[in-house]
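# The sequence and its predicted three-dimensional model are supplied below.
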Amino acid sequence: MSKKTWLFLIPFVIFMLGAVFLFKGLYSDPRKLESVMVGKEVPLFTLQDLHDLNKQHDSSLFKGRPMLLNVWATWCPTCYAEHTYLKELAGQGVTIVGMNYKDERDKALKWLDELGDPYKVSLYDPDGMLGLDLGVYGAPETFFIDSQGIIRYRHVGDVNAQVWASTLKPIYEGMK
């Protein structure tokens, strides 16, 4: 091959690789983000209670019964959208631990006062360190944790009636 042919092929190969990459993205599910934490214990942590500055919680919180860990923040519009349904789930006996993520305590407390509090316990993670350990990309995310403190599933996005019925409820029921 001549030098001219090679010079033509290099940009063509780069273009084709980019096109394949973008084409593959058309068929991927943006809500499905793999988590290396699924199948592992909740990372060790110590965080303040959102409501009580003098109370702290650690990873032992997630032992004893299956529960959901819901990562939320007042700056998150999707968290607002899912909040009513989380209250409904809590009313049905689903144990939900809330983790206020990269937020201001005063705003979070006002939010819960105004909208109601579906959380059995509310963790306060202002710098996002537990979120980082869990691999959180942003709020809302919900982790399904079994009675031994093992993360069984991670849901990215809002928890609503349709998602609960079609996907999440069977996972939760299977952890009981």
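Received the coordinates, thanks.
# Let's check: the centremost residue of this protein is which one?
Computing the C-alpha centroid of the chain and ranking residues by C-alpha atoms, centre = their mean puts Glu141 first, at 1.9 Å.
# contacting residues around that one?
70-71, 134, 154-157 (C-beta atoms under 8 Å, 6 or more residues apart in numbering). Every residue, glycine included, has its C-beta placed from N, CA and C.
# Then Arg152?
38-39, 144-146, 171, 175.
# among the helices and strands of this protein, which has the poorest mean pLDDT?
helix 3-26 (a mean of 65; mean pLDDT, DSSP states H and E).
# Please, which helix or strand holds Leu68?
Under the criterion of DSSP states H and E, Leu68 resides in strand 67-72.
# What's the first helix or strand after that strand?
Next helix or strand after strand 67-72 toward the C-terminus (DSSP H and E): helix 77-91.
# Show residues contacting that next one.
By C-beta under 8 Å, 6+ apart, the list of residues contacting helix 77-91 reads 68, 70, 72-73, 96, 115-116, 118-120, 139-140, 157-161, 164.
# let's see 7 Å
Under the criterion C-beta atoms under 7 Å, 6 or more residues apart in numbering, residues 70, 72-73, 96, 115-116, 118, 139-140, 157-161 lie in contact with helix 77-91.
# Identify the farthest-apart pair in those residues.
Maximum pairwise distance in these, criterion C-beta to C-beta, is 22.3 Å, between Ala73 and Ala161.
# what about those two, which has more around it?
Ala73 (23 against 11; other C-beta atoms under 10 Å).
# Ile151 and Pro43, how far apart?
9 Å (C-beta to C-beta, to the nearest Å).
# The two: who's more crowded?
Ile151 (22 against 14).
# I'd say the more buried one and Met37 touch.
Yes. Using C-beta atoms under 7 Å, Ile151 is in contact with Met37, at 4.9 Å.
# Alright, I will stop here.
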